[in-house]
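Participant: This is a predicted model, with the sequence first.
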Amino acid sequence: MERLTLPVSMRKFKTLIRILLSPLRGLFAFLKALPRRGRKAWCILRQEGWRGLRYSLEERYRPTDRQLYKLWQKRHRLTADDRDRIGAEIEKLPYRPVISILLPVYNIAEIWLRKCLDSVLGQLYPHWELCIADDASTAKHIRRVLEEYQARDGRIRVVFREVNGHISAASNSALSLATGEYVALLDHDDELTPDALYEMASLISRNPEADMIYSDEDKMDERGRRHSPFFKPDWSPDYFLSQMYTCHLGVYRTELVRSIGGFRVGFEGSQDYDLVLRLTEKTDKIHHIPKVLYHWRTIRGSTALTYDSKHYAYKAGLRAIQEALDRRREGGWVENVVNFPGQYLVHYPVAGRPLISIAIPTKDHPEILDRCLKSIFMKSFYEPFEVIIVDNGSVREETLEMFDSWKNKEPDRFGVVRLDIPFNFSRLVNEGVRRARGELVLLLNDDVEVLSETWLEEMAGQAQRQSIGAVGAFLLYPDRTLQHVGLILGVLGPANHAHRFAREGTLGYFGRLLVVTNYAAVTGACLMVKRDLFIAVNGFDEELAIAYNDVDFCLRLLNMGYRNVVLPQVRLYHHESKSRGSDAAGENRLRLDREAEIMKRRWAAWIQNDPYYSPHLTRDRIDSSIGAAPPAGSPDGRPIADEGL
């Protein structure tokens with residue numbers, strides 16, 4: 001114990017004073033900065049309004065992604081009780097498939113190789129084999145380490161290739177060793193979570209017809225710190241043509257992998273992408289486990305660390321997609337997203353020259369509608385199209401004169417249908433489609449303004465595809481912030497706009513704002529669909545007179561097996577709610593609440609579990625950040641695995 005001398009007493013006194021003064025210093029610093037922060041807030045308020053100020057405050061004071069993920073990890077850590085439960089459940093599985101882990105190895109540092117191998121040995125599920133192919137490594141420790149582990153466990157099988165053939169050839173050598181019903185892909189510097197193979201086997205036992213299963217993943221730095229979790233959507237074929245999002249951990253039926261020829265030489269770096277593109281052309285029995293089961297190591301030279309480390313991989317990815325599009329015979333073509341390697345943009349041509357009918361409900365907003373019409377007729381490259389105005393009882397002389405003016409300018413492409421009823425957006429839309437002559441119909445608000453000259457052909461090329469239901473676009477506020485890029489279910493109500501109010505140029509969650517993406521629903525402010533399909537699902541529900549009618553329509557398309565997509569290359573301005581005011585107050589608020597309740601009763605299961613939005617992402621914000629609360633699912637908050645499509 002320290003002797004209490006005068007110098008010691010003085011030191012302790014000074015320490016006490018510092019502790020007592022610390023809050024005062026913080027208060028003084030806050031007061032000193034208050035004028036500067038006030039000026040900055042006023043500047044943002046003047047330039048961007050209350051929405052911009054709120055967005056700036058949220059971005060400044062919200063927890064960082066790393067902080068949120070640390071909290072998430074604490075909530076989802078594997079406990080001793082979990083291990084005991086898993087052990088008991090393994091014994092009860094009616095079907096316990098052998099999973100062959102394919103591990104190509106080449107000159108990896110010993111520390112990472114051992115960690116990788118140890119993660120396999122640490123699996124709670126025992127029915128596996130590790131099929132290792134050393135691709136003629138020159139590092140002397142590789143053979144020594146592999147032979148050591150092979151001697152330790154009879155489930156480890158190793159082949160030492162005499163000639164370096166790169167990763168596709170090495171993966172095929174590993175595949176040749178596999179005797180299990182399923183194969184899993186593992187990179188030589190990565191790690192599996194202890195429950196990874198158990199989760200895969202558990203799903204397969206419940207769904208023995210499964211041909212492909214993929215999980216969520218995160219990254220791990222050289223100090224073992226986990227970061228950058230990728231919480232993925234369920235199977236999204238159009239999104240998959242935009243990036244290799246399923247990636248790790250992927251498990252595939254061995255027989256099917258062999259039947260398509262395994263890994264193709266010439267696609268090195270994207271050999272797994274090419275494999276899955278070909279495999280998913282043979283099966284739709286695809287499942288997603290929304291749990292992090294794989295740690296992707298971020299070390300120098302790894303694609304997990306930087307997109308520039310293996311540029312050849314992204315060229316191979318581009319070629320793999322184009323060959324897939326060629327095989328599928330829809331005429332599609334793909335290009336790189338400039339400055340974003342590994343992100344691809346797929347386009348589809350219009351088959352023939354179908355008439356596109358553009359239906360626009362309106363009432364007495366001549367200036368707004370005139371701007372919309374000018375943008376359509378002046379900026380659209382595609383022909384033929386027609387514009388059908390569904391007039392909801394306009395009385396202003398300027399409106400009627402504008403109608404006459406456009407009839408004179410475009411007698412063959414412009415028409416007006418009058419429907420003088422109490423405002424019911426769904427009924428107006430249905431009447432517009434009923435009067436349409438086109439094979440494709442485009443529902444459009446009167447307060448939008450076309451920005452992309454190729455908008456009609458881009459949307460039509462997608463809408464003509466047999467698998468596609470509704471096609472949406474990017475809608476921007478006039479200040480170039482995002483209004484609509486796709487609708488997510490169960491976020492701040494029955495549905496909400498992903499990344500709303502984010503600045504144009506925002507990448508979105510793992511680059512989703514760069515590429516064509518599947519969403520549960522798209523906004524009726526700009527929605528293209530086949531006319532026959534619109535009629536087949538009975539159009540918009542007129543019980544939903546104002547809100548959520550587009551979401552309801554899109555969910556009926558999903559129920560019929562169609563997919564909805566949003567195209568980032570198609571952009572329009574949207575002067576939202578100018579036509580009828582805001583839904584935030586008064587009678588509009590009551591009306592919105594009534595229709596929200598209808599949606600919750602009708603689509604409760606979909607709203608609780610949007611297949612294109614992870615249960616681990618927030619339901620309290622629209623920025624796709626990690627959720628603060630446990631996801632819906634099993635009683636302990638752990639999500640229930642997707643049971644297939």
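Facilitator: Yes, it's here. Numbering: from 1, shown residues only.
Participant: And the helix or strand where residue 74 lies, what's buried?
Facilitator: Element membership for residue 74 (DSSP states H and E) is helix 65-75. Taking 16 or more other CB atoms under 10 Å as the neighbour-count basis, helix 65-75 is seen to contain the buried residues 68, 69, 70, 72, 75. Using the backbone N, CA and C atoms, a C-beta is placed for each residue, glycine as well.
Participant: What of stretch 606-613?
Facilitator: Buried residues in stretch 606-613 (16+ other CB under 10 Å): 606, 607, 609, 610, 611, 612, 613.
Participant: Remind me what the very next helix or strand once past the helix holding residue 74 packs against, helices and strands.
Facilitator: As assigned by DSSP H and E, the chain's next helix or strand after helix 65-75 is helix 80-92. When contacts are defined as 3 or more CB pairs under 8 Å, 6 or more residues apart in numbering; DSSP states H and E, helix 80-92 sits against helix 196-206.
Participant: what angle do the helix it packs on and helix 80-92 make?
Facilitator: Angle of helix 196-206 versus helix 80-92, following axes from the mean of the first three to the mean of the last three CA atoms, to 10 degrees, is 40 degrees.
Participant: what does helix 196-206 rub up against?
Facilitator: 86, 89-90, 93-97, 99, 123-125, 127-128, 182, 184, 210, 213, 215, 249, 251, 287, 289, 291, 293-294, 641, 643 (CB atoms under 8 Å, 6 or more residues apart in numbering).
Participant: Narrow those to those in helices?
Facilitator: Those of the contacts of helix 196-206 mapping onto helices are 86, 89, 90, per DSSP state H.
Participant: Now the helix holding residue 74: average pLDDT?
Facilitator: For helix 65-75, mean pLDDT rounds to 88.
Participant: Now do it: which elements does it pack against?
Facilitator: strand 226-230.
Participant: so what does the next helix-or-strand element following the strand it packs on touch, helix or strand wise?
Facilitator: With elements assigned by DSSP H and E, the helix or strand that comes after strand 226-230 is helix 237-240. Contacts defined by 3+ CB pairs under 8 Å, 6+ apart place helix 237-240 against strand 517-519, strand 563-574.
Participant: Just name the most buried of these.
Facilitator: For the helices and strands packed on helix 237-240, the largest average neighbour count (mean count of other CB atoms under 10 Å) is found in strand 517-519, namely a mean of 26.
Participant: what lines up beside that one in the sheet?
Facilitator: According to DSSP bridges, strand 517-519 forms sheet pairs with strand 563-574 (antiparallel).
Participant: next structured bit after the partner strand?
Facilitator: As assigned by DSSP H and E, the chain's next helix or strand after strand 563-574 is helix 586-602.
Participant: That next one - what's its average pLDDT?
Facilitator: 84.
Participant: From the contact counts, what lies against it?
Facilitator: helix 549-559.
Participant: List the buried residues in the helix it packs on.
Facilitator: Of the residues in helix 549-559, those buried by neighbour count under the rule 16+ other CB under 10 Å are 549, 550, 551, 552, 553, 554, 555, 556, 557, 558.
Participant: report the angle between the axes of that helix and helix 586-602?
Facilitator: Comparing the axes of helix 549-559 and helix 586-602 via the same axes, to 10 degrees yields an angle of 10 degrees.
Participant: what about helix 549-559, average pLDDT?
Facilitator: Across helix 549-559, pLDDT averages out at 97.
Participant: Return the distance of residue 613 relative to residue 627.
Facilitator: 11 Å (CB to CB, to the nearest Å).
Participant: and if you look at residue 327?
Facilitator: 38 Å.
Participant: neighbour count winner among those two?
Facilitator: residue 627 (20 against 11; other CB atoms under 10 Å).
Participant: how about JSON lines for the helices and strands packed on helix 237-240, with mean pLDDT and distance to residue 595 added?
Facilitator: Listed next are the helices and strands packed on helix 237-240 as JSON lines, based on pLDDT from 0 to 100; distance: least, CB to CB, whole Å:
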{"stretch": "strand 517-519", "mean pLDDT": "97", "distance to residue 595": "20"}
{"stretch": "strand 563-574", "mean pLDDT": "97", "distance to residue 595": "20"}
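Participant: quick one, which of those strands is nearest to residue 439?
Facilitator: strand 563-574 (18.4 Å; CB to CB).
Participant: what's the closest of the helices and strands packed on helix 237-240 to residue 465?
Facilitator: Residue 465 lies closest to strand 563-574 among the helices and strands packed on helix 237-240, at 9.0 Å (CB to CB).
Participant: and residue 617, how many neighbours?
Facilitator: 20.
Participant: For it, list the residues it contacts.
Facilitator: Per CB under 8 Å, 6+ apart, neighbours of residue 617: 231, 509, 624, 625, 626, 627.
Participant: Which pair in those has the greatest spatial separation?
Facilitator: Farthest pair in the contacts of residue 617, by CB to CB: 509 and 627, 12.5 Å.
Participant: Give the buried residues for stretch 133-140.
Facilitator: Applying 16+ other CB under 10 Å to stretch 133-140 flags 133, 134, 135, 137, 139 as buried.
Participant: Mind checking the pLDDT average for that stretch?
Facilitator: Averaging pLDDT along stretch 133-140 gives 96.
Participant: What of stretch 449-459?
Facilitator: pLDDT averaged over stretch 449-459 gives 97.
Participant: now it, how far from the chain's geometric center?
Facilitator: Offset of stretch 449-459 from its chain centre (CA atoms, centre = their mean, to the nearest Å): 23 Å.
Participant: now stretch 552-565
Facilitator: 17 Å.
Participant: Give me the contact list for it.
Facilitator: Contacts for stretch 552-565 (CB under 8 Å, 6+ apart): 236-238, 462, 467-472, 487, 516-522, 524, 529, 533, 536-541, 544, 599, 602-603, 606.
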